[in-house]
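Chemist: Give the three-dimensional model of this entry:
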Amino acid sequence: MMKNQVLVRQIMDDAMNHEYTKQGIAPLFQVPASAKVVLIGQAPGIRAQESQILFHDPSGDRLRQWMGVDTDWFYNSGQLAILPMDFYFPGKGKSGDLPPRKGFAEKWHPLCLKHLKEVELTILMGTYAQKCYLGGQDGASLTETVRNYSDYLPSFFPIIHPSPRNNIWLKKHPWFEAEVIPDLQKRIREIIACHQ
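Modeler: Numbering: from 1, shown residues only. From the prediction side, this is the model:
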């Protein structure tokens, strides 16, 4: 993961993250200064936190397929920044992982984004990212926001989370993989082609 070490230290020194820092857990994000695409996701799961690799799981495989990129580009190209809404695993809840902590993204994302001067597309993955970044312009539901994704272009591209938990949603909304994903792949392909 490509991280700015000054930022890492600031995040680890922040009082809201002391419990993680005391356990030797580093914040999980990727911010190469050369990034052309930014992926705003949810919070890392426990597997990601333990391995210190984001999206090294079935969700990541599906995400790379949706983006039309391989693992090497995803992690090593320097063209992708990954900013979860929380850089730490927030814990387990009754029905899955807890949501990202309130206020984390609002505090740390602006400082991270200051290092990213070449961004051409920001992918907003899931409700938390969309509500944070679309400034109240998101739809009444995740489905509505994603269905009307073109309203947020060229800066933002809202999608659902690629988790297997969304398999039922995908079956109910075949237009997503038939219409939305091809456009996402086309835009990323064009960005990559411009910077080869």
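Chemist: Give me the mean pLDDT for the one helix or strand Lys107 maps to.
Modeler: Lys107 belongs to helix 104-113 when elements are defined using DSSP states H and E. Mean per-residue pLDDT for helix 104-113: 96.
Chemist: Let me see the contact set for Ser163.
Modeler: Residues near Ser163 by Cβ atoms under 8 Å, 6 or more residues apart in numbering: Ser59. In short, each C-beta sits where N, CA and C put it, glycine included.
Chemist: Against Phe176, how distant is it?
Modeler: Note on Ser163: its distance to Phe176, by Cβ to Cβ, to the nearest Å, is 14 Å.
Chemist: Check Pro27 too.
Modeler: Distance, Pro27 to Phe176, by Cβ to Cβ: 31 Å.
Chemist: Those two: who's more crowded?
Modeler: Neighbour count, other Cβ atoms under 10 Å: between Pro27 and Phe176, Pro27 has more, with 25 against 19.
Chemist: Okay, the spatially closest residue to the more buried one that is not a sequence neighbour and Ala48: tell me how far apart.
Modeler: Nearest residue to Pro27, sequence neighbours excluded (Cβ to Cβ, 6 or more residues apart in numbering): Phe87, at 3.6 Å. Taking Cβ to Cβ as the measure, Phe87 falls 10 Å from Ala48.
Chemist: Show me whatever sits in contact with both of those two.
Modeler: Common neighbours of Phe87 and Ala48, counting by Cβ under 8 Å, 6+ apart, are Leu28.
Chemist: quick one, which of the two is more surrounded?
Modeler: Phe87 (30 against 20).
Chemist: so what does the helix holding Lys107 touch, helix or strand wise?
Modeler: Judged by 3 or more Cβ pairs under 8 Å, 6 or more residues apart in numbering; DSSP states H and E, the packing partners of helix 104-113 are helix 5-13, strand 37-41, strand 80-84, helix 127-133.
Chemist: which secondary element of this structure has the worst mean pLDDT?
Modeler: strand 96-97 (a mean of 82; mean pLDDT, DSSP states H and E).
Chemist: List the strands paired with that strand, with their directions.
Modeler: Strands that pair with strand 96-97, judged by DSSP bridges, come out as strand 92-93 (antiparallel).
Chemist: for the residue nearest to Leu111 when sequence neighbours are not counted, what are its contacts?
Modeler: Nearest residue to Leu111 in three dimensions, chain neighbours excluded: Leu7, at 6.4 Å (Cβ to Cβ, 6+ apart). With contact set as Cβ under 8 Å, 6+ apart, Leu7 has these partners: 31, 108, 111-112, 115.
Chemist: What separation is there between Leu7 and Ala43?
Modeler: Leu7 is 17 Å from Ala43, where distance means Cβ to Cβ.
Chemist: which residues touch Met125?
Modeler: Listed by Cβ under 8 Å, 6+ apart, the contact partners of Met125 are 39-42, 63, 158-162.
Chemist: I'd like the residues you listed written out as CSV, with pLDDT and distance to Gln52 added.
Modeler: Output for the contacts of Met125, formatted as CSV (pLDDT from 0 to 100; distance: Cβ to Cβ, whole Å):
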residue, pLDDT, distance to Gln52
Leu39, 98, 17
Ile40, 98, 19
Gly41, 95, 15
Gln42, 93, 17
Leu63, 98, 18
Pro158, 98, 27
Ile159, 98, 25
Ile160, 98, 25
His161, 95, 20
Pro162, 95, 20
